[in-house]
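Engineer: have a look; sequence and predicted model below, questions after that.
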Amino acid sequence: MTRVFVPRDAAALALGADDVARALATHANVVRTGSRGLFWLEPMIEVETPSGRVAYGPVAAADIPGLLAAGLLTGAAHPSRLGRPEDLPFLTRQTRLTFDRCGVVDPLSLEDYRAHGGLTGLERARAIGPAATIETVTKSGLRGRGGAGFPAGIKWKTAADTISDRKFIVCNADEGDSGTYADRMLMEGDPFCLIEGLAIAGFAVGARKGYVYTRSEYPHAIATFDAALKVARASGVLGPDFDIEQRVGAGAYICGEETSLLESLEGRRGQVRAKPPLPAHKGLFGQPTVINNVITLASVPVILRDGAEAYQALGFGRSRGTMPIQLAGNVKYAGLFEAGFGLTLGEIVNDIGGGSLSGRPVRAVQVGGPLGAYFPPALFDTPFDYEAFTVKGGLIGHGGVVVFDDTVDLAHQARFAMEFCAAESCGKCTPCRIGSVRGMETMDKILSGIAVDKNIELIRDLCHTMRFGSLCALGGFIPFPVMSALEHFSEDFHRARLAPAA
Ligand SMILES: Cc1cc2nc3c(=O)[nH]c(=O)nc-3n(C[C@H](O)[C@H](O)[C@H](O)COP(=O)(O)O)c2cc1C
Ligand code: SF4
């Protein structure tokens, strides 16, 4: 029977992929895959033909009889026929390294993983030894993809150099940033890549145990990753030398912060620990621990496989390699776009994302999750690069790009930032715990037109205190969305005062 690939990624499932798979079940050999990340075309199915795969999308279960009658199984013409998936402009413009296999392979077939270059990175690491493995990661320029952009090789070396008979690798799969889904997509579409990255990290630093901390809102990622762990154990990829356990968190934003995550893993309430000690010195259960994001770890196999130079040759400034940019919000072509750093924000939003979904002018883009700044189109020449975003008062974080059209009210968004901080604060330090509540109250006054200038000054002062007085980046970075809204969209803060009395 002809093979037809139907995604089982959460985004495709939400759009009816299971019904499509059921409708095809008696007509074809249905293989479930991850997503290629072109969400406006999901469910996008692919038919295997002698001349390669042919994609169709978006496809609904009700379309299947018509598609079959038109010759779906031979890749025949149909209004929803998209042609070869590799030729779709959204994919040809990308440099897929980390997400190369996502949407292509059967996520739970280790044979498929091997056939597509999997496990060669781990073999290479074992061949060159721990020190050279760390050296390769350092030379590649790989920086943490979870948000802070800290060089992965330095973190690994710190843990490797700390003497202890028990060390841990912890993978941060909490993915709490708004508009982000790269971790989830990878765990659903290519879980062995993360397993291989963890195994390489364990080998490099001398850890025999890895933990993956996943949020409970990701049931499909959890199930796929658990199933992949079983396959990896049965085939000997995981075993006494290195094994991995997945833990599920309840989905508190602060549990993505590395020290809160450790508290949660140890069975306590997620609350930030003061640093030092660094987790690489004294982390999980007091032992040296490397904590890396899913994408950081999943980038390692290809670095070991193809060499540090190949990875380091891509990118911009001190941001080397590729970044999976996640387009979300009011954008025409929402999806995952992996490319070398350095694309401008305007290219990302307008050329790749196609502008707003509503067709209205784009007014603001929030980059880097809820702690990221709102950028106006006047800053669309900013290159996607850690340093360039810092200079403009923002951050790229985990690569989330959330687009808003001209109906957005940035004063309300600033209030929302304070509200988010109040809801998610771990409560350990005063500027964040109390400041966020005062910030909400002050924003309410501004939104009601009460002593606007005086209250804007209060907000500025409060942001300064939160920025420099908070223990972690939740309270410390909430000023980014608030202050960027004030700086670039100040008219929204004065709207209530200007509005005629009812
Ligand atoms: C409030 C807060 C939330 C965070 N959430 C996440 C998250 O969901 N996922 C993640 O990988 N890193 C998150 N981080 C960053 C982690 O603290 C840490 O820097 C990261 O896991 C290190 O891995 P990396 O170097 O590979 O990026 C968060 C940080 C803060 C302050
Ligand atoms: S800034 Fe907020 S979340 Fe971070 S330690 Fe302080 S109270 Fe906790």
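Structural biologist: Received, thanks. Numbering: from 1, shown residues only. Ligands and ions are numbered 1, 2, ... in the order given.
Engineer: longest helix anywhere in this structure?
Structural biologist: When the chain is parsed with DSSP state H, its longest helix is helix 452-469.
Engineer: low-confidence stretches in the stretch 401-502 of the chain?
Structural biologist: 498-502 (pLDDT under 70).
Engineer: how about the residues of it by ligand 1?
Structural biologist: 472, 473, 474 (C-beta under 6 Å from any ligand atom). C-beta coordinates here come from the backbone N, C-alpha and C atoms, glycine included.
Engineer: any chance of the residues you listed in JSON lines, with secondary structure and neighbour count too?
Structural biologist: Compiled in JSON lines, those are given as follows (DSSP: H, G, I helix; E, B strand; the rest coil; neighbours: other C-beta atoms under 10 Å):
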{"residue": "472", "secondary structure": "coil", "neighbour count": "21"}
{"residue": "473", "secondary structure": "helix", "neighbour count": "17"}
{"residue": "474", "secondary structure": "helix", "neighbour count": "26"}
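Engineer: residue contacts, residue 261?
Structural biologist: 170, 172, 174, 213, 249, 255, 270, 291 (C-beta atoms under 8 Å, 6 or more residues apart in numbering).
Engineer: what does residue 128 give?
Structural biologist: With C-beta under 8 Å, 6+ apart, residue 128 has these contacts: residue 136.
Engineer: quick one: residue 182 and residue 326 touch, right?
Structural biologist: Yes. In terms of C-beta atoms under 8 Å, residue 182 counts as a neighbour of residue 326; the distance is 5.6 Å.
Engineer: anything in contact with each of the two?
Structural biologist: When C-beta under 8 Å, 6+ apart defines a contact, the residues bordering residue 182 and residue 326 alike are 336, 398, 399.
Engineer: please produce a ChimeraX select command covering the buried subset of these.
Structural biologist: Those of those that count as buried under 16 or more other C-beta atoms under 10 Å are selected in ChimeraX with:
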select :336,398,399
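Engineer: re earlier: can you pull the buried residues of the longest helix of the chain?
Structural biologist: Neighbour-count burial for helix 452-469 flags 452, 455, 456, 458, 459, 462, 463, 465, 466, 467 (criterion: 16+ other C-beta under 10 Å).
Engineer: which elements pack onto it?
Structural biologist: helix 430-433, helix 435-447, helix 473-477, helix 479-488 (3 or more C-beta pairs under 8 Å, 6 or more residues apart in numbering; DSSP states H and E).
Engineer: okay if I get those as a markdown table plus distance to residue 420?
Structural biologist: Shown next, in a markdown table, are the helices and strands packed on helix 452-469 (distance: least, C-beta to C-beta, whole Å):
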| stretch | distance to residue 420 |
| --- | --- |
| helix 430-433 | 11 |
| helix 435-447 | 8 |
| helix 473-477 | 9 |
| helix 479-488 | 9 |
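Engineer: tell me which of the residues of the stretch 401-502 of the chain next to ligand 1 is nearest to residue 391?
Structural biologist: residue 473 (18.0 Å; C-beta to C-beta).
Engineer: excluding covalently adjacent residues, which one is nearest to the closest one?
Structural biologist: Spatial nearest neighbour of residue 473, excluding adjacent residues (C-beta to C-beta, 6 or more residues apart in numbering): residue 371 at 6.4 Å.
Engineer: what pLDDT does that neighbour get?
Structural biologist: Looking at residue 371, its pLDDT stands at 97.
Engineer: where does the one residue sitting closest to the centre of the chain fall, phi/psi-wise?
Structural biologist: By C-alpha atoms, centre = their mean, the chain has its centre lying nearest to residue 182, at 3.6 Å. The phi and psi torsions at residue 182 (degrees, to the nearest 10) take the values phi -60, psi -40.
Engineer: and the stretch 251-400 of the chain, which residues reach ligand 2?
Structural biologist: By the rule C-beta under 6 Å from any ligand atom, the part of the stretch 251-400 of the chain lying against ligand 2 is 254, 272.
Engineer: so where do the helices sit in the stretch 251-400 of the chain?
Structural biologist: Along the stretch 251-400 of the chain, counting by DSSP state H, counting those that start in this stretch, helices occupy 258-265, 294-306, 308-312, 345-346, 386-391.
Engineer: can you check the stretch 101-250 of the chain too?
Structural biologist: Under DSSP H, counting those that start in this stretch, the stretch 101-250 of the chain gives helices at 110-115, 120-128, 130-140, 152-161, 182-189, 191-205, 219-234.
Engineer: which other helices and strands contact the longest one?
Structural biologist: Under the contact criterion of 3+ C-beta pairs under 8 Å, 6+ apart, helix 219-234 touches helix 10-14, helix 182-189, helix 191-205, strand 209-215, strand 243-249.
Engineer: now do the shortest one
Structural biologist: Helices and strands touching helix 110-115, by 3+ C-beta pairs under 8 Å, 6+ apart, are helix 191-205.
Engineer: now the helix it packs on, how far from the chain's geometric center?
Structural biologist: In terms of C-alpha atoms, centre = their mean, to the nearest Å, the centre of helix 191-205 is set 18 Å apart from its chain centre.
Engineer: measure how that helix sits relative to helix 152-161, angle-wise.
Structural biologist: Interaxial angle, helix 191-205 versus helix 152-161 (axes from the mean of the first three to the mean of the last three C-alpha atoms, to 10 degrees): 50 degrees.
Engineer: buried ones in helix 191-205, by neighbour count?
Structural biologist: So, applying 16+ other C-beta under 10 Å, buried residues of helix 191-205: 191-205.
Engineer: show me where pLDDT drops low in this structure?
Structural biologist: Using pLDDT under 70, the chain drops low at 498-502.
Engineer: I appreciate the help and will end here.
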